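# quick one, what's the 3D model for this:
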Amino acid sequence: MTNHVSRPSIDDSEAITAARNQINQIDEKLIDLLRQRFQTSALIGKIKETADLPVLYSGREQQVLERVVSLDPDPTTEKYLRNIFEEILKNSRDYQHDLAGDDATDNDIKEND
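Residues are numbered from 1 along each chain as shown. Here you go, the predicted structure:
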């Protein structure tokens, strides 16, 4: 018995192309928003450096994660959004360290509340 994978119809192909184009547009918006977030993170990093504050403030990160989860009405995507934002926060910290010329990373610095 041979398994045949059916080829998508022309309508299916057009629908997939349209959906992919929509994802491309969303990705462009995400890139712009992430760029803005990095710029703001850099500003926060400069303020922290001037005030001699550590880059990592775990209490704030927990607030951000709780807020993100609360903004999503779909419980099926909660863990994925949390994972995405954990990576965004990690990369924001790394970016602040890089801008400050620190060799420190998340593995080197942990601040308790």
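# which helix or which strand is home to residue 64?
Per DSSP states H and E: residue 64 is located in helix 58-71.
# with just CA atoms, put the next helix or strand after that helix into CSV.
Per DSSP H and E, the first helix or strand lying C-terminal to helix 58-71 is helix 78-100. Taking Å, rounded to 0.1, in the frame of the first residue of the first chain, the C-alpha atoms of helix 78-100 are listed here in CSV:
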residue,chain,number,x,y,z
GLU,A,78,0.1,31.2,27.4
LYS,A,79,3.1,29.0,27.6
TYR,A,80,4.4,30.0,24.2
LEU,A,81,4.0,33.7,24.9
ARG,A,82,5.8,33.2,28.2
ASN,A,83,8.6,31.4,26.5
ILE,A,84,8.9,34.1,23.8
PHE,A,85,9.0,36.9,26.4
GLU,A,86,11.5,35.1,28.5
GLU,A,87,13.8,35.1,25.5
ILE,A,88,13.0,38.7,24.7
LEU,A,89,13.9,39.6,28.3
LYS,A,90,17.1,37.6,28.2
ASN,A,91,18.2,39.2,25.0
SER,A,92,17.3,42.7,26.4
ARG,A,93,19.6,42.0,29.4
ASP,A,94,22.3,40.7,27.1
TYR,A,95,22.0,43.8,25.0
GLN,A,96,22.3,46.0,28.0
HIS,A,97,25.4,44.1,29.1
ASP,A,98,26.9,44.5,25.6
LEU,A,99,26.2,48.2,25.5
ALA,A,100,27.8,48.6,28.9
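# tell me which residues in helix 78-100 are buried?
By 16 or more other C-beta atoms under 10 Å, the buried positions in helix 78-100 come out as 85, 88, 89, 92, 93, 94, 95, 96, 97. The way it works is simple: take the backbone N, C-alpha and C, and place the C-beta from them, glycine included.
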